[in-house]
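Undergrad: What shape does this take:
(chains A, B, C and D)
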Number of protein chains: 4
Amino acid sequence: MLWFRNDYSEGAHEEVLKKLCETGRCHRAGYGDDEYSALAREKLRKACGMPDADIVFLTGGTQVNATVIAAMLKPFEGALSAVTGHINCHEAGAVEFAGCKVLPLPQYAGKVKAEDVQAYLDNFYADESHTHMVFPGLLYISHPTEYGTLYTKAELAALRKACDTRGVRLFLDGARMAYGLAAEGTDVTLPDIAKYCHAFTIGGTKCGALCGEAAVFAPGCMPERFITLTKQRGAMLAKSSLNGLQFDALFSNDLYKRVGEHTIRMAMKLKKALLDKGYEFYIDSPTNQQFPIVDETVYARLKEQVEFGIWERLSDGRIVIRLCTSWATDENDLDALIGLL
Amino acid sequence: MLWFRNDYSEGAHEEVLKKLCETGRCHRAGYGDDEYSALAREKLRKACGMPDADIVFLTGGTQVNATVIAAMLKPFEGALSAVTGHINCHEAGAVEFAGCKVLPLPQYAGKVKAEDVQAYLDNFYADESHTHMVFPGLLYISHPTEYGTLYTKAELAALRKACDTRGVRLFLDGARMAYGLAAEGTDVTLPDIAKYCHAFTIGGTKCGALCGEAAVFAPGCMPERFITLTKQRGAMLAKSSLNGLQFDALFSNDLYKRVGEHTIRMAMKLKKALLDKGYEFYIDSPTNQQFPIVDETVYARLKEQVEFGIWERLSDGRIVIRLCTSWATDENDLDALIGLL
Amino acid sequence: MLWFRNDYSEGAHEEVLKKLCETGRCHRAGYGDDEYSALAREKLRKACGMPDADIVFLTGGTQVNATVIAAMLKPFEGALSAVTGHINCHEAGAVEFAGCKVLPLPQYAGKVKAEDVQAYLDNFYADESHTHMVFPGLLYISHPTEYGTLYTKAELAALRKACDTRGVRLFLDGARMAYGLAAEGTDVTLPDIAKYCHAFTIGGTKCGALCGEAAVFAPGCMPERFITLTKQRGAMLAKSSLNGLQFDALFSNDLYKRVGEHTIRMAMKLKKALLDKGYEFYIDSPTNQQFPIVDETVYARLKEQVEFGIWERLSDGRIVIRLCTSWATDENDLDALIGLL
Amino acid sequence: MLWFRNDYSEGAHEEVLKKLCETGRCHRAGYGDDEYSALAREKLRKACGMPDADIVFLTGGTQVNATVIAAMLKPFEGALSAVTGHINCHEAGAVEFAGCKVLPLPQYAGKVKAEDVQAYLDNFYADESHTHMVFPGLLYISHPTEYGTLYTKAELAALRKACDTRGVRLFLDGARMAYGLAAEGTDVTLPDIAKYCHAFTIGGTKCGALCGEAAVFAPGCMPERFITLTKQRGAMLAKSSLNGLQFDALFSNDLYKRVGEHTIRMAMKLKKALLDKGYEFYIDSPTNQQFPIVDETVYARLKEQVEFGIWERLSDGRIVIRLCTSWATDENDLDALIGLL
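TA: Just a heads-up that it's a prediction; the model follows:
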């Protein structure tokens, strides 16, 4: 089978594994105090252009979202999110399990608009019964989104501006950050994200690591006693160096950048081939998730030889499928896939 | 420095790392459905002598305790635990964060007694206002305990019997299971634990893996939709194979057993040396945590060359320290430590 | 001022207060075991035509909704609700505070459609990643709705049928039940509601009592140890007879019916007068909440002499206002209001 | 039967009911904004000698404890309490349901000692792994305690002093406040309590009202958006005036004081009679709960004619019973009870 199901179908990049093997019997402190994590934090601060950022390494995507969001919210607040946002759809109610409501906003190819945020906030505070409602405390966005789309720098700035009118914190889910940063035509860099967000994550799991997500907080934005809160949520590893070492590897020798570039090159080759063959797309994605529309014949042919996802069945019988490239995509596999399409 | 601080101060055993390296670019399903995890589950079922056990791999110790306990409890129930139990002391209130009360019981070298459990249950149901109280729904024990001590088979049987009088589920925290199984003189095997407990964990993190805890449920005891609950608690890895592969390695070629045996051999050599030198012990531990009592002079000398834990300062000025051996303990280091004592 | 702001702006009906006064020094058990509550339960069972219903009296509307819904849901489930449902909008996230997600459905004048419920359920179980999502476990509806509208018997039957296809429980919020039952043209009786719902509430607070909501469960539908759960949520009164006595009064001598009829007579007189004067309505409500659209001039005039609610400002500058009648509405006040319009 | 079971076995004092009847059809705002509540708050501020206190009226004892405690705690904190404290024993885990751990302290006749609090705090911060533990954030005490005992002014001062060493807030549960204030020999007044506590409650339910507990916060101590939090916990009444009116009545014409004095006079008459007859007491209580020890014969005789509580069965076969007086205790009933003893 050719694997294009998602970007977490393999283990980890060789350079990541090498780091783990080299240090297998080296001694280190636990619970986040190890030197490998300290080193990785320094590298990430540099990459973000934010020397005073607070950085904590957690293990999984839903975990880091729910832990950070619930910790940043006050108990009377909830999290604004595109109705299609991962926290609203595919995290089994993790934010609500932590006691917080997700407040859905309209979505446009997975993105939210600053004017919708502003309108929500203005309407909320204009509503004379708002003390009986969940206060909007944080705006959750993802970059790339669940649809592979990206914000522009101007859009991020506008979102932050809207947030600031009412003290709302801006949180960006960067589970696929490497692929967003490497996309053609994007004007958003890691320092831009650090500049506009109160907190954001840099994904390891989907970008070449076995596991690991970095939670990055702008100065002053890390919740009080956040380390204790991660323990309380079961999100603190005894061997915290597992995450630290992997991020150290990802941010050494430009690995994170190389992972992103390879993946995007594979995705764009696929996209171009599909366009050349006349396929329509459900959405115009500049990143590693591509959503071509196929008919039953192609679908049946692919199903026998390719692992991929079904996104939606259209009323006309055609099917939106999702094809993902990743750091692990072999170009020979890609060529074989293109041959099948 | 000589490292005897704990059993999670290093990375992972070479055989575990090798498995991760060999499979780095192999494709697999995510979220627990991968074949590596399936294979590991089969090996664990065999080791437990329980072919129908339900097994789920989670990542960390506090995570697996809080997730399993909260899922097994009904909303009006709490978890009985020795007052010194890990869930009552050192998990930052993770069980309470999930909405459940820990109900403390007297402890005897970290263990609970069946008669205390029975008395608690009898008194509870005899109390005419018990509908206003938290119902005891589960008994949490650890093996080895936080003090390194072990239950006997007869004690486990008695605890289960007490639990059964009132429908209480017996849950055993086996974060250091390898060291309990390998202890000299223990009559408790993995199949015994599987026989007496409704659910238990088999620890990877402290026994040679980078991370990973196996939650094992006796047939019929896994909570409904437990997989969704792990997602909700942020405890499900996209790359679930990370845990599965490691448990596959630990339960191949007797690695888990070898890890336990090496660690115990190191611990007993240390214990014997300490006894020979006339040290008193705070507690008589048959496993990898040893609690000798040292005076200020020894303490000061050790502090310069050894990483170890402080357990308690006695009123006479002496200090109870904790020395841990592990799968990674080098015998040369141990000899050097003995030389210092 | 003329008070038409809402239906909880006064104290309680004289017959309710009389009952409280007559029994002020009579002795009774606490925590729900009092004879007054037992008597009231009997009367409600009779009124519902359900001799085996389990009935528990709680104190407030948000309290009874959140307590019953969270207790009926399994931990992996959430509550379907019209996007305009009270639990989704105006209960400050009480359901989410209890750890459960509200799953919004389209609304039609405050109501949900059985086909939307069915489609939601079908899509959910057809989605191959539904184990990562919140399971729909309960459908919340209100009758009258937040817009004063009512379900028909056929609509209730259809909702129940859709629910039953996937084991979803049907819960009806009857905070304004008296006004729904007394509405002109409704074909829904209390026994109908008891027949179609797994659980529902009968409101006291907005229907003539000082406080008090009855939670009614069809046989077998009351959650295990529900009394303990109400205590845990702080919803159990020591002097439970406060609620019981009031429901006893409301269901003696047809008081609940009389309260409903008076209120509806007042509302329909108001509605007819408004129609006669050519006012448009935002919604066609058959119950005690009326939503006429007024211009700025009328709005300004009313504001000086009437207490009422603002529902929405339309883009053309006109204003949707809410005028409520209640058990306490004085017909002279109503005539004065009509004179002002 | 003679009723001495507890202090919430009757309805409400005539003066409380009169106030409710007089205002039955008067209009007022809802959700805490009514003038009756405003008036009652003024009276309570005066009685507390704290003109800037924030006061919120809730409905029940467990409700006010759990709502205030959880709101005052940060998410990494728990509540210290005597092991016998009401929140630790008889509130069905309400504090834990809100996600917070109760941290038990030794009890002495239901009271905690400042030196134990100080030792707990010192040990906690000296423990090098305290970031893995629940931080002590609030000290819960009750006055009178669950055993009817009272703190002295010096004891309250010492507790506050200990709390202040580590930023711990002092919360006093005054469910039976009237009886504490009226006790013979106490040197603690309401202004003293206001002076030493960050927050405390003044109980209505057990002191003559149908329901209602006042939460009083020293200036600056009310949690942010506390009103929204009460809504979220289902603790806000639409007809908030129900609580406000009752507290208005209780704090008019010295009713709260008279209620306390009558109750204490009854209790002391009972205590004296029991002492004269040679009964032993389980505890020396100066308030309305008396705990005489009776033998089987007396117990059997009482059971036929008196409603009372069983506190504990002693190993010698004798029984500790609880006899409560209240605002509703009839002196003739008391004389009859004394005759039976």
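Undergrad: now the closest residue in space to A:Thr23 that isn't next to it in sequence: how far from B:Leu314?
TA: Excluding its sequence neighbours, the residue lying closest to A:Thr23 (Cβ to Cβ, 6 or more residues apart in numbering or on different chains) is B:Gly11, at 5.3 Å. For every residue, glycine as well, the C-beta is placed using N, CA and C. Using Cβ to Cβ, to the nearest Å, B:Gly11 is found at 35 Å from B:Leu314.
Undergrad: ok so, going back, wait, isn't the residue nearest to A:Thr23 in contact with B:Leu210?
TA: Yes: the pair B:Gly11 and B:Leu210 passes the contact test of Cβ atoms under 8 Å, sitting 6.2 Å apart.
Undergrad: picking that back up, look at B:Gly11 and B:Leu314 and report which has more neighbours.
TA: B:Gly11 (27 against 11; other Cβ atoms under 10 Å in any protein chain shown).
Undergrad: show me what contacts the more buried one?
TA: A:20, A:23-26, A:239, A:241-242, A:245, B:17, B:210 (Cβ atoms under 8 Å, 6 or more residues apart in numbering or on different chains).
Undergrad: what's the distance between it and chain D?
TA: As judged by Cβ to the nearest Cβ, to the nearest Å, B:Gly11 and chain D stand 22 Å apart.
Undergrad: ok, so what distance separates that residue from B:Arg25?
TA: B:Gly11 is 21 Å from B:Arg25, by Cβ to Cβ.
Undergrad: Show me the strands in the stretch 201-341 of chain A, by range?
TA: For the stretch 201-341 of chain A, the strands defined by DSSP state E, counting those that start in this stretch cover A:213-217, A:289-290, A:293-294, A:306-307, A:309-313, A:319-324.
Undergrad: Of those, flag the one that's most buried.
TA: strand A:213-217 (a mean of 28; mean count of other Cβ atoms under 10 Å in any protein chain shown).
Undergrad: just how off-centre is it within its chain?
TA: The chain centre lies 11 Å from the centre of strand A:213-217; the measure is Cα atoms, centre = their mean, to the nearest Å.
Undergrad: that older thread, out of the strands of the stretch 201-341 of chain A, which comes closest to chain C?
TA: Distance to chain C, taken as Cβ to the nearest Cβ, is lowest for strand A:309-313 among these, at 7.1 Å.
Undergrad: Looking only at residue counts, what's the top strand in chain A?
TA: Criterion DSSP state E: the longest strand present in chain A is strand A:135-142.
Undergrad: That strand pairs with which strands, parallel or anti?
TA: Sheet pairing of strand A:135-142 (DSSP bridges) gives strand A:77-82 (parallel), strand A:169-173 (parallel).
Undergrad: Now the nearest residue to A:Ser326 once chain neighbours are set aside. Its backbone dihedrals?
TA: Residue nearest to A:Ser326 in three dimensions, not counting chain neighbours: A:Asp7, with 3.8 Å by Cβ to Cβ, 6+ apart. A:Asp7 adopts backbone torsions of phi -110, psi 20, taken as degrees, to the nearest 10.
Undergrad: what angle do the one helix or strand A:Glu115 maps to and strand A:169-173 make?
TA: Applying DSSP states H and E as the criterion places A:Glu115 in helix A:114-126. Orientation check (axes from the mean of the first three to the mean of the last three Cα atoms, to 10 degrees): helix A:114-126 against strand A:169-173 gives 140 degrees.
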